[in-house]
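Trainee: sharing a model that was predicted from the sequence below.
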Amino acid sequence: MTSILVISEKYWPYGGAELATHLILKMLSSLGSFRIMVLTGCKDPERIAKVRYVYDPLLDIPTKIHLWKNLAIMKKRPAFKRLIKWADIIYIPRIAYPIIPLARELGKKIIVHLHDYQPVNFQSMILHPCSMVSRSGFVGDIKQSLVLELLEYGSLKRALASSALSLINSLCRFWLSEADKIICVSERQASIIVNELPELKDKLKVIYNPLLNVPLIEKTPSEPPSMLYLGGDLYTKGFHVLMKSSYELLKRGVYVKFLLARCFKDTNRLLIKRLNERFNKPYNLLGFLKHEEVLRLHSLVHALIFPSIGEEPLPYVITESMLAGTMPIASKVGGVPEIVKGTYAEEFLFTPGNVNELIDRMEKVLSLSKEQLIDIGVKLREAILKKFDEDVIKNQLLEVFTD
């Protein structure tokens, strides 16, 4: 039986990458040929029956620089070395890259799973070329890091610090060069990684993330029509694009309810309050939602709005929307076009940041009858289940872990 040591500072139920890790481990554990141990900084992970979880406070850390520093400490501990020696495979689904040299020294197989762009950018994000921030070479990387932090968090101190730390991030290139296999979650993500780090090309394999188990939802589109947005007021999630587009749509006399989830800064709350006063309360701030609450909203809404300007590798919000039978109106970023290719949702993609295109797609959804929305939703669910076939994904993972 093959022993797998998973080193992941975070774990499900926190985050999309963590959900993917959880579903992958559930797949592998169901095969009966792997012993799996998860070393994590998450105190309350959602557990899998046949998987052992070990909490380590050195992994329970808020910043990646402190994490990498703690990993340097962990590598010197005899107990940690014994764990590495116990394993046949070291699986790194997050950013515990400093462990790789030790695992290589001890002759272990190393599999890294990329759910972001950490190897090529300190923020682990890449903006789409249509965004206002160009990225070319090391200077461009620093520039994008600076602007991203300013727009995302509004902190000059944090922006300057992140730009300076772009130098440290170059270590990722060395660490990953020693991995045996590197899994990317979409063709678009893999192409970006290879463009930046061509020496990794032969190590890369694209495997789509397993789907979350979303039951068949009975759709009862609301009246007045409503649309769901789950990105908070983050710049990279395209909040500014959504607000410009929704404002223009409302000015035309088209009344739509916009259900906005996650966190919003006071300045944006004030903006939404003023727009609500002007347009008869079309915006509803929902805060952080539990998964079952999101699924309930999917049964009511006409569409999901996904205006991201970042190269999202393979966003679960899109696959879940299609599983729930909700039309995603999404920007052409990252793996999104791969997800919707060949489905009705492909017609509702728009150029990142293009307000007029987003308005056009929203009006197009609103022109559909409730019967059409329900029929399209059924077809979207069928298409995504076929494209993300569980057995295909399981066999691809098995090939990587047993090769």
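Mentor: Yes, it's here.
Trainee: what pLDDT does Leu171 get?
Mentor: We have a pLDDT of 89 for Leu171.
Trainee: what is the burial count for it?
Mentor: 13 (other Cβ atoms under 10 Å). (Each C-beta comes from the backbone N, C-alpha and C, glycine too.)
Trainee: tell me how far it lies from Ile182.
Mentor: 16 Å (Cβ to Cβ, to the nearest Å).
Trainee: please enumerate the strands of the stretch 301-403 of the chain.
Mentor: 303-306, 327-330 (DSSP state E, counting those that start in this stretch).
Trainee: dihedrals phi and psi, Pro93?
Mentor: Dihedral angles of Pro93 (phi, psi; degrees, to the nearest 10) stand at phi -90, psi 0.
Trainee: would you check that it makes contact with Ala20?
Mentor: Yes. Pro93 lies in contact with Ala20 (Cβ atoms under 8 Å); the separation is 7.4 Å.
Trainee: which neighbours do these two share?
Mentor: 113, 115 (Cβ atoms under 8 Å, 6 or more residues apart in numbering).
Trainee: now the strands of the stretch 301-403 of the chain in CSV, with distance to Pro101 and mean neighbour count?
Mentor: Output for those, formatted as CSV (distance: least, Cβ to Cβ, whole Å; neighbours: other Cβ atoms under 10 Å):
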stretch, distance to Pro101, mean neighbour count
strand 303-306, 38, 27
strand 327-330, 39, 27
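Trainee: just put these in CSV and tack on mean pLDDT and distance to Lys201.
Mentor: Output for those, formatted as CSV (pLDDT from 0 to 100; distance: least, Cβ to Cβ, whole Å):
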stretch, mean pLDDT, distance to Lys201
strand 303-306, 98, 30
strand 327-330, 98, 28
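Trainee: can I get the ones you listed in JSON lines with distance to Ile61?
Mentor: What follows is the strands of the stretch 301-403 of the chain, written out as JSON lines (distance: least, Cβ to Cβ, whole Å):
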{"stretch": "strand 303-306", "distance to Ile61": "30"}
{"stretch": "strand 327-330", "distance to Ile61": "33"}
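Trainee: out of the ones you listed, the one nearest Thr402 is which?
Mentor: strand 327-330 (34.9 Å; Cβ to Cβ).
Trainee: direction included, what does the closest one pair against?
Mentor: Its sheet considered, strand 327-330 pairs with strand 303-306 (parallel) by DSSP bridges.
Trainee: got the CA coordinates for the strand it pairs with in CSV?
Mentor: Presented in CSV, the C-alpha positions along strand 303-306 are these (Å, rounded to 0.1, in the frame of the first residue of the first chain):
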residue,chain,number,x,y,z
ALA,A,303,-28.1,34.2,-13.6
LEU,A,304,-24.8,34.2,-11.8
ILE,A,305,-22.6,37.2,-12.5
PHE,A,306,-18.9,36.4,-12.7
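Trainee: can you list the residues that contact that strand?
Mentor: Everything outside strand 303-306 that qualifies as a contact, by Cβ under 8 Å, 6+ apart, is 227-231, 238, 242, 258, 298, 315, 317-318, 321, 326-331, 336, 348, 358, 362, 365.
Trainee: swap in 6 Å and give it another go.
Mentor: 227-229, 242, 321, 326-330, 365 (Cβ atoms under 6 Å, 6 or more residues apart in numbering).
Trainee: Pro129 is nearest to which of the strands of the stretch 301-403 of the chain?
Mentor: strand 327-330 (16.9 Å).
Trainee: which residues touch that closest one?
Mentor: 303-306, 318, 321, 336, 345, 348-349, 361, 365.
Trainee: same check, this time on stretch 99-108
Mentor: 7, 71, 75, 84, 90, 110, 175, 178.
Trainee: next, the second one: phi, psi?
Mentor: Backbone torsions of Leu71, given as degrees, to the nearest 10, read phi -70, psi -30.
Trainee: excluding chain neighbours, what is closest to it?
Mentor: Pro98 (4.3 Å; Cβ to Cβ, 6 or more residues apart in numbering).
Trainee: was I right to think that neighbour contacts Asn70?
Mentor: No. Applying Cβ atoms under 6 Å as the test, Pro98 and Asn70 come out as separate, 9.2 Å apart.
Trainee: any idea which of the contacts of strand 303-306 is closest to Ile193?
Mentor: Nearest member of these to Ile193, counting by Cβ to Cβ, is Ala330, at 21.9 Å.
Trainee: how far away is that closest one from His115?
Mentor: From Ala330 over to His115 (counting by Cβ to Cβ), the distance is 18 Å.
Trainee: then Glu277?
Mentor: 40 Å.
Trainee: ditto for Lys181
Mentor: For Lys181, the distance to His115 - Cβ to Cβ - is 15 Å.
Trainee: what does the helix or strand containing Arg35 contact?
Mentor: For Arg35, the host element (DSSP states H and E) is strand 34-40. For strand 34-40, contacts defined as Cβ under 6 Å, 6+ apart pick out 1-8, 11, 25, 28-29, 51-54, 56.
Trainee: and the next element down the chain from it?
Mentor: Past strand 34-40, the next helix or strand by DSSP H and E is strand 51-55.
Trainee: which residues sit against that following strand?
Mentor: 25, 29, 36-39, 43, 45, 47.
Trainee: okay, now the sheet partners of it, with direction.
Mentor: Checking strand 51-55 against DSSP bridges gives partners strand 34-40 (parallel).
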